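> Okay, here's the prediction I keep looking at, along with the sequence it came from:
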Amino acid sequence: MCAQVVLAEDDEKQAELVRRYLERENHSVTVVHDGRSALEEVRRQQPELLVLDVMLPGVDGLDVCRILRQESDIPVLMLTARTEEDDMLLGLDLGADDYMTKPFSPRELAARVRTLLRRTSARAVEPDTMLRVGGVSVDTDRHELFADGTLITCTPGEFRLIATMAARPHRVFTRAQLLEQLHGIDQYITTRTIDTHVLNLRKKIEPDPRKPVRLLTVYGVGYKLTDG
């Protein structure tokens with residue numbers, strides 16, 4: 001597996017050794033020697049992996065990891081001479097995916113890199129279970145509803161209703177079609193149940209529930225979810 005790797009290590013001899021081992025694995029390696037350059041290269045290249053020394057001049061590795069975790073899910077393998085457990089846990093808490101203490105075997109580092117890249121590749125091929133319609137997002141695996149990035153609490157019936165419409169945005173669903181989706185969820189369901197769910201959902205996902213622009217009524221037919 002070949003990958004673009006940014007290596008941030010202030011010890012030039014150590015950096016050269018690691019670079020050689022990674023290039024033997026057919027990775028393309030960019031070496032930088034301070035934290036600010038690490039941030040710049042990751043932002044510019046969007047590499048598959050960052051190998052990050054903790055003790056960097058300017059911006060240290062922990063701060064680099066903290067900043068990048070707000071912007072990216074790039075895998076981070078941290079390197080450090082610190083052996084205290086608290087330091088290791090801090091790096092992992094900040095979002096590092098793996099942690100190696102110096103001195104280490106370059107062969108082990110190369111193996112850790114392979115493992116991280118395989119893990120990342122496996123995540124990349126996982127199906128996206130998030131349905132997005134404008135500012136509304138529905139995660140069907142986690143059973144979560146979001147409106148403009150905010151997690152919304154909803155009942156099982158409301159969730160089934162919004163998930164059904166999010167899977168086919170702009171399609172008009174009749175009340176009868178929506179009723180079919182609620183069998184087994186709501187014990188006693190009527191067309192009034194559908195109308196009540198729609199009203200409650202509008203209160204939760206609409207900027208102004210009195211003037212809906214997302215969950216719309218198509219008079220004489222039913223409802224549809226749009227990206228308004």
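Arrived safely, thanks for sending. Residues are numbered from 1 along each chain as shown.

> The residue nearest the centre of the chain and residue 94: what is the separation?
The centroid of the chain falls nearest to residue 73 when counting by CA atoms, centre = their mean (6.7 Å). Note on residue 73: its distance to residue 94, by CB to CB, to the nearest Å, is 13 Å. (C-beta placed from N, C-alpha, C; glycine too.)

> show me the contacts for the residue nearest to residue 191 when sequence neighbours are not counted.
The shortest distance from residue 191 to any non-neighbouring residue, by CB to CB, 6 or more residues apart in numbering, is to residue 175 (4.5 Å). Applying CB atoms under 8 Å, 6 or more residues apart in numbering to residue 175 gives the contacts 191, 194, 195, 222, 223.

> and residue 57, what helix or strand is that in?
Using DSSP states H and E, residue 57 is not contained in any helix or strand.

> again but with residue 197, I slipped
Counting by DSSP H and E, residue 197 is part of helix 191-205.

> hmm, who's touching that helix?
Helix 191-205 is contacted from outside by 135-136, 145, 147, 152-155, 157-158, 161-162, 175-176, 178-179, 182, 186, 209, 212, 214-215, 217, 223, using CB under 8 Å, 6+ apart.

> And residue 189, how far from residue 168?
For residue 189, the distance to residue 168 - CB to CB - is 20 Å.

> Among these two, which residue is more densely surrounded?
Neighbours were counted for residue 189 and for residue 168 using other CB atoms under 10 Å; residue 189 has more, 18 against 13.
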